[in-house]
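Engineer: Here you go, sequence then predicted model.
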Amino acid sequence: MSLVFARALAEFMSAHGVQVTWEPGAEVRGNGQVSAYQGVSVHHTATASSTKSPGVLTAGRPDLSAPLCNSSGPSDGRFHIVAVNPANHAGASGGWDTAPLPKTGLFNKLMWGHETVYEGTKPMNDAQYRTATILGAGVCRLLGHDYDPRWVKFHQGTSVTGKWDPGYASGKTYDINEFRSKVLIVMKGQAPAPVQIKTSEDDTMYISCAKKNVTAIYSGGILTGLASAGEIKSMEGEVAAGRAARQWVEDFTFDALDRRSKLLTGEIKPST
């Protein structure tokens, strides 16, 4: 369930114009618990704002084993998937804004944890905030909470140990009601336009569709073939290192690209 959910979430983010990247090993990384995701919890890393996902998220700390989140939000607005299985980010629940979620010591397996990469003592940038709101909408939609952003949480609202993230100044937490209003705008928005894919002769990338469970090689405006399991494994390492590009798309976008490719190669005629 965890990997299927993560791939669907990645597709949702891509469809809303957010670049998605994967940490090597994210597909199997977790704290050993079985996911039962019901919502999403937003945090700050308390590290310098950066375009890179901090290594501590996958390495852990002396007092807390890795992984420390499911996804991170670097300063360039990306949605970076760190671990698809439960991560150690939420601690126990029971704070003032826990409901409708339960009070439990096993909160991590119920919540997708998103660490926005910035200090917390000053605001996150607009791209990071936008990514977090789209994530909130995606989690709610995929989990059956459409138009109900109560399942989007800040760590401050569920913590029983005095956490105040995500912050905009020292000890000051963003307004959860304002944030949820932005999430609701995404939920109520029109269906996203098909993702625009570059088509120049020099462009080579991978196109993935979670609903179809396929990845295709895309070059010069043409889907040149489905990637094998070995190619996909190699590609994920290349994407993580920034040497290759991967785009998650909706099924209708994949079908449109496939049809256009067949028209360009003459496999089908324009009238079919």
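Structural biologist: Right, received. Where do you want to start?

Engineer: got the residue ranges for the strands in the chain?
Structural biologist: 20-22, 39-44, 71-73, 79-81, 111-116, 152-154, 167-169, 172-173, 204-209, 214-219, 222-226, 246-248 (DSSP state E).

Engineer: can you list the residues that contact the fifth one?
Structural biologist: Going back to what we said before, that points to strand 111-116. The contact list for strand 111-116, computed with C-beta atoms under 8 Å, 6 or more residues apart in numbering, reads 9, 37-45, 57, 68-73, 82, 87, 89-90, 101, 124, 128, 132, 135, 139, 153, 166. Glycine gets a C-beta too; all of them are placed from N, C-alpha and C.

Engineer: Go through the strands of the chain and pick out the most buried.
Structural biologist: Most buried of the strands of the chain, by mean neighbour count (mean count of other C-beta atoms under 10 Å): strand 71-73, with a mean of 30.

Engineer: Quick check: L135 touching F79?
Structural biologist: Yes: in terms of C-beta atoms under 8 Å, L135 counts as a neighbour of F79; the distance is 6.6 Å.

Engineer: Now for the two: what residues contact both?
Structural biologist: With C-beta under 8 Å, 6+ apart, L135 and F79 have common neighbours 13, 71, 73.

Engineer: Pick out the lowest-pLDDT one from these.
Structural biologist: On pLDDT alone, M13 ranks lowest of these, at 91.

Engineer: Just grab the bridge partners of the residue lying closest to it once chain neighbours are set aside for me.
Structural biologist: In space, and not counting its chain neighbours, M13 is closest to F79: 4.6 Å by C-beta to C-beta, 6 or more residues apart in numbering. Beta-bridge pairing for F79 (DSSP bridges): V20.

Engineer: Roughly how far does F79 sit from L264?
Structural biologist: 31 Å (C-beta to C-beta, to the nearest Å).

Engineer: With A127 instead?
Structural biologist: 34 Å.

Engineer: give me every residue that touches N85.
Structural biologist: Counting by C-beta under 8 Å, 6+ apart, N85 touches 2, 28-35.

Engineer: May I see the PyMOL selection of the buried members of those residues?
Structural biologist: Of the contacts of N85, the buried ones can be selected in PyMOL as follows, counting by 16 or more other C-beta atoms under 10 Å:
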select buried, resi 2+29+30+31+35
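
Engineer: Next, format the contacts of N85 as CSV and append pLDDT.
Structural biologist: Converted to CSV, the contacts of N85 look like this (pLDDT from 0 to 100):
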residue, pLDDT
S2, 88
V28, 96
R29, 97
G30, 97
N31, 97
G32, 97
Q33, 96
V34, 94
S35, 95
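
Engineer: Out of the contacts of N85, flag the one nearest to Y206.
Structural biologist: The closest of these to Y206 turns out to be V28 (C-beta to C-beta; 19.5 Å).

Engineer: what angle sits between the longest helix along the chain and strand 39-44?
Structural biologist: Longest helix in the chain, counting residues (DSSP state H): helix 126-142. Interaxial angle of helix 126-142 relative to strand 39-44 (axes from the mean of the first three to the mean of the last three C-alpha atoms, to 10 degrees): 170 degrees.

Engineer: Run the chain-centre distance for helix 126-142.
Structural biologist: Chain-centre distance of helix 126-142: 8 Å, with C-alpha atoms, centre = their mean, to the nearest Å.

Engineer: Kindly format the C-alpha coordinates of stretch 81-98 as CSV.
Structural biologist: Output of stretch 81-98 as CSV, limited to C-alpha atoms (Å, rounded to 0.1, in the frame of the first residue of the first chain):
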residue,chain,number,x,y,z
ILE,A,81,10.2,11.5,-1.5
VAL,A,82,12.4,10.1,1.2
ALA,A,83,10.6,7.0,2.5
VAL,A,84,7.3,5.5,1.4
ASN,A,85,6.8,3.5,4.6
PRO,A,86,6.2,5.0,8.0
ALA,A,87,8.9,7.4,9.3
ASN,A,88,9.8,8.7,12.7
HIS,A,89,8.5,12.3,12.6
ALA,A,90,5.3,12.7,14.5
GLY,A,91,5.9,11.2,17.9
ALA,A,92,2.8,10.6,20.0
SER,A,93,-0.4,12.5,19.2
GLY,A,94,-2.8,14.2,21.7
GLY,A,95,-2.3,17.9,21.1
TRP,A,96,-5.1,20.4,20.7
ASP,A,97,-5.6,19.7,17.0
THR,A,98,-5.4,15.9,17.0
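
Engineer: That'll do, ta.
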